[in-house]
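Colleague: have a look; sequence and predicted model below, questions after that.
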Amino acid sequence: MSVTNQNAPQDVNGLGPVPEERLRVRSSARPVWDEEPTAAGKGLKGLALVLICAAVVVPLYTVLLTSLSTQATITEAGGLVLVPGELTLEAYRQVLSGGVVTRAVLVSVGITAVGTAVSMVVSVLGAYGLSRPGSYGHRVVLFTLLITMFFGAGMIPTYLLVSNLGLIDSYWSLILPTAVSAFNVLLLRGFFTGIDASLIDSARIDGAGDWRILAQIVLPMSKAVTAVIALFYAVGYWNSFFQATLYINDATKQPLQVVLRSFVLQGVDVPGAVDVGSGQVASLAVQMAVAVIAIVPVLLVYPFVQKHFSSGVMIGAVKG
Amino acid sequence: MASGTRVERPGERAEQARPPRARRAPKTRTGHLARLRRDRSLLLMCLPMVVLLLVFAYVPIAGNVIAWQDYSPFTGIRASPFVGWYNFERVFTDPAFWAAVRNTLVITLFQLVFFFPIPIALALLLNSVLSSRVRVTVQSIVYLPHFFSWVLVVSIFQQILGGAGLLNRLLEAAGFSGVEIVTNPDTFLFLITSQAVWKDAGWGIIVFLAALAAVDPSLYEAAAMDGANRWRRMWHITLPALKPVIVLLLILRLGDALTVGFEQLILQRDAVGQGVAEVLDTFVYYRGVRNGDWSYAAAAGLVKGVVSLVLVLAANKVAHVFGEQGVYSKR
């Protein structure tokens, strides 16, 4: 096998710089045995990739641009704006200067922060508690966790429970019922189990207990996977919409997604958000500004975590 | 040394690692109490998780008992009278329930055909891109919508495909008549599937890319030496490498056959009407939470839960029969 691999480009690079001419003729990444695709094939592939990316980017672009456009530009365009006209931050100023949307943003930020913290503490502890081979009772606990992946109690009994616990209109109703995701715990556990046992053993010989091993050895080694799981939980809390319609009746406690829904999808004029004096329904710019506000936190965190979406971790998760 | 008196966990030390059978032997020799003492901090760590699971996952499972009751919130679970299988009889003889079942299965089937293959095709396309910079850029763009909320996705689709949306404006500007997509029951399947594709098809490629990355490149090289062109290499090497993942995801999807994007549907149910958009989950929600027919809705939900469980177990069994690993196996 090593003989045939000598032709692979990595090995060529290992031997020294590849001659400039060779790079120009073929992509240096293409193995020598791989035939060069036709120009048409390459063109089609490039076109497909551009179209796929455009399908994601163009809608976001037009939403963002509309939120930044003046009413005149929007009226001229007849709706979502594709070509930039006059720009203004007026919509954001209106939305964020107090009122329903501002409050909803604060509610969502609070729920996301507290919820993610609760979920991460519970999940990391649980995952480590389950990750030491042969520990007492771990089979029972693991089974308790796994069953929840295959059998859900259903919406009605869960609702009645939350209601009987007196959590209706409490922010905890948006956190506690979904605080533990078996999927995320298993993903963490899979990673913890994979940590070299000799590291943990040597720490134990040095007198470290399980709490200390978790805090000083396991967690520092698992930054990537904990970042990914934290993102999963945070996005879950930030995006959750239905639980709030189920458990939160108080209009002043609604999180952002519920406001976004009533504002954009149901066309409800949210009081306090629009006071242009014209008495019209919410202008498109304001609606799109709310949508952008719902995206921005995701966009801010995404680049830092995205590089960790390494495939091995995800496969482990799917495999359970 | 403090650790001298410690009871070792079997298999914990790297040098003691043995196959599972051998591992179990010392366990029986150590007493329960000693092992409990040894692992008390691990069990303590599991405690918050177990408590949350018991309260918010297992208590509601027990709460399904109202499906056999004539439950009313005023009398409570304890005082509500038991009515045997009456609620289940109502569910099974209710045409509205069967309509919801049919809608759910139609959506599942439609998405199995028009959603499921797309991440595979995308992964093959991306895998064939040589430049890692292009690959990483495209990946990070197509993963992104997975992290948007359904409210946002539906909002964007409504703004673009809706009656006064971008698409209709462009069509009218080009001299065509407008199309009605967002509120049209006939195009509903297409609408929700394209939303699902936009949101999650990109994210779906991750597992396939991982499987592709695990293929030994020398297989391709050997095949090329033997004269196999790129299509034959894809057919004989790439696709077999993807088969276990495809089977796994198919099982998961079939096990979830009765679950179709709940938030996505409840957001659009009123716009297109119950005729096509009422699925099992929305049916349970409207019957229970909205109409207050708690016992009936719990019975319908329980039927769904049990059938789903049976589906997962059956799909897994089928996978084992076909020699695939499946979701879980006896370890």
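Modeller: Right, received. Where do you want to start?

Colleague: burial of the nearest residue to residue B:182 once chain neighbours are set aside, as a residue count?
Modeller: Spatial nearest neighbour of residue B:182, excluding adjacent residues (Cβ to Cβ, 6 or more residues apart in numbering or on different chains): residue B:162 at 4.6 Å. Where you see a C-beta, it was placed from the backbone N, CA and C, and this is true even at glycine. Residues near residue B:162, counting by other Cβ atoms under 10 Å in any protein chain shown, number 18.

Colleague: could you list every residue that touches the residue lying closest to residue B:153 once chain neighbours are set aside?
Modeller: Once flanking residues are discounted, residue B:153 sits nearest to residue B:199: 5.2 Å by Cβ to Cβ, 6+ apart. By Cβ atoms under 8 Å, 6 or more residues apart in numbering or on different chains, residue B:199 lies in contact with B:145-146, B:148, B:150, B:153.

Colleague: if you set the cut-off to 10 Å instead, what comes out?
Modeller: For residue B:199, the contact set (Cβ atoms under 10 Å, 6 or more residues apart in numbering or on different chains) comprises A:56, B:144-150, B:152-154, B:156-157, B:261, B:264.

Colleague: next: residue A:103.
Modeller: A:251-256, A:259, A:272.

Colleague: what distance separates whichever strand or helix holds it from the centre of its chain?
Modeller: Secondary structure from DSSP states H and E places residue A:103 in helix A:100-129. Averaging C-alpha positions (Cα atoms, centre = their mean, to the nearest Å) puts helix A:100-129 13 Å from its chain's average.

Colleague: buried ones among the contacts of residue B:199?
Modeller: Those of these that meet the buried threshold are A:56, B:144-150, B:152-154, B:156-157, B:261, B:264, by 16 or more other Cβ atoms under 10 Å in any protein chain shown.

Colleague: which one of the residues you listed is nearest residue B:206?
Modeller: Distance ranking of the buried ones among the contacts of residue B:199 against residue B:206, using Cβ to Cβ, places residue B:146 first at 9.5 Å.

Colleague: spatially nearest residue to the closest one (excluding sequence neighbours)?
Modeller: Spatial nearest neighbour of residue B:146, chain neighbours left out: residue B:203 (3.6 Å); criterion: Cβ to Cβ, 6+ apart.

Colleague: what does residue B:157 give?
Modeller: Closest to residue B:157 by Cβ to Cβ, 6+ apart is residue B:195, at 5.6 Å.

Colleague: quick one: buried residues of the helix or strand harbouring the one you found?
Modeller: Taking DSSP H and E as the criterion, residue B:195 maps to helix B:188-196. For helix B:188-196, burial by neighbour count (16+ other Cβ under 10 Å) applies to B:188-189, B:191-196.

Colleague: contacts for that helix?
Modeller: Everything outside helix B:188-196 that qualifies as a contact, by Cβ under 10 Å, 6+ apart, is A:55, B:103, B:106-107, B:109-111, B:113-115, B:118, B:145, B:150, B:153-154, B:156-158, B:161, B:181-185, B:187, B:201, B:204, B:260-261, B:264-265, B:267-268, B:271-273, B:275-277.

Colleague: so who does residue A:80 touch?
Modeller: Listed by Cβ under 10 Å, 6+ apart, the contact set of residue A:80 reads A:59, A:61-63, A:65-66, A:69, A:74, A:284, A:288, B:156, B:159-160, B:164-167, B:169.

Colleague: quick one, phi/psi of it?
Modeller: phi -60, psi 140 (degrees, to the nearest 10).

Colleague: return the member of the contacts of residue B:199 nearest to residue A:139.
Modeller: residue B:146 (33.3 Å).

Colleague: was I right to think the closest one contacts residue B:152?
Modeller: No - at 11.8 Å, residue B:146 does not count as touching residue B:152 under the criterion of Cβ atoms under 10 Å.

Colleague: mind listing the shared neighbours of the two?
Modeller: In contact with both residue B:146 and residue B:152: A:298, B:199, using Cβ under 10 Å, 6+ apart.

Colleague: C-terminal to the helix or strand harbouring residue B:96, what's the next element?
Modeller: Assigned by DSSP H and E, residue B:96 falls within helix B:95-114. Downstream of helix B:95-114, the first helix or strand assigned by DSSP H and E is helix B:117-127.

Colleague: can you give me the buried ones in that next one?
Modeller: With the criterion 16+ other Cβ under 10 Å, helix B:117-127 contains buried residues B:118-120, B:122-124, B:126-127.

Colleague: low-confidence ranges in the stretch 1-150 of chain B?
Modeller: Scanning the stretch 1-150 of chain B with the threshold set as pLDDT under 70 gives B:1-30.

Colleague: tell me where it has helices.
Modeller: In the stretch 1-150 of chain B, the helices defined using DSSP state H, counting those that start in this stretch lie at B:20-29, B:32-38, B:40-53, B:59-63, B:76-79, B:86-92, B:95-114, B:117-127, B:132-143, B:150-161.

Colleague: residues making contact with the fourth one?
Modeller: Put plainly, it is helix B:59-63. By Cβ under 10 Å, 6+ apart, helix B:59-63 touches A:147-148, A:151-162, A:164-165, A:177, B:53-54, B:71, B:77, B:298, B:302, B:305.

Colleague: and if you look at the shortest one?
Modeller: With Cβ under 10 Å, 6+ apart as the test, helix B:76-79 has contacts from A:157, A:160, A:164, B:62-63, B:65-66, B:69, B:71-72, B:294.

Colleague: count of neighbours near residue 289?
Modeller: Unless you meant another one, I'm taking chain A. The burial count for residue A:289: 28, using other Cβ under 10 Å.

Colleague: sorry, should have said chain B
Modeller: 18.

Colleague: just checking, it touches residue A:159?
Modeller: Yes - taking Cβ under 10 Å as the definition, residue B:289 is a contact partner of residue A:159 at 6.0 Å.

Colleague: find residues that contact each of the two.
Modeller: Listed contacts common to residue B:289 and residue A:159 are A:246, B:297; contacts here mean Cβ under 10 Å, 6+ apart.

Colleague: can you tell me which of the contacts of residue A:103 has the most neighbours?
Modeller: residue A:256 (30 neighbours).

Colleague: in stretch B:131-147, which residues are buried?
Modeller: Applying 16+ other Cβ under 10 Å to stretch B:131-147 flags B:135, B:138-139, B:141-147 as buried.

Colleague: ditto for stretch A:142-161
Modeller: For stretch A:142-161, a neighbour-count test (16+ other Cβ under 10 Å) marks A:142, A:144-145, A:147-150, A:152-161 as buried.

Colleague: how's chain A carved up into domains?
Modeller: A:1-34, A:37-88, A:93-319 (automatic domain parsing).

Colleague: just to revisit the earlier point, go back to the buried residues of helix B:117-127 and keep what's next to chain A.
Modeller: B:122, B:126 (Cβ under 10 Å from any Cβ of the partner chain).

Colleague: of all the buried residues of helix B:117-127, which comes closest to residue A:229?
Modeller: Closest to residue A:229, out of all of these and judged by Cβ to Cβ, is residue B:119, at 22.1 Å.

Colleague: show me where pLDDT drops low in the stretch 51-200 of chain A?
Modeller: Using pLDDT under 70, the stretch 51-200 of chain A has no residue that qualifies.

Colleague: which residues of the stretch 1-150 of chain A fall in strands?
Modeller: Using DSSP state E, counting those that start in this stretch, no strands are found in the stretch 1-150 of chain A.

Colleague: neighbours around the closest residue to chain A within the stretch 151-300 of chain B, how many?
Modeller: Nearest residue of the stretch 151-300 of chain B to chain A, counting by Cβ to the nearest Cβ: residue B:210, 2.9 Å away. Residue B:210 is flanked by 19 other residues according to other Cβ under 10 Å.

Colleague: need the phi and psi values for residue A:31.
Modeller: Main-chain dihedrals, residue A:31, degrees, to the nearest 10: phi -60, psi 150.

Colleague: local confidence estimate at it?
Modeller: For residue A:31, the pLDDT comes out at 77.

Colleague: residue B:222 is in contact with that one, correct?
Modeller: No - counting by Cβ under 10 Å, residue A:31 does not reach residue B:222; the two are 11.8 Å apart.
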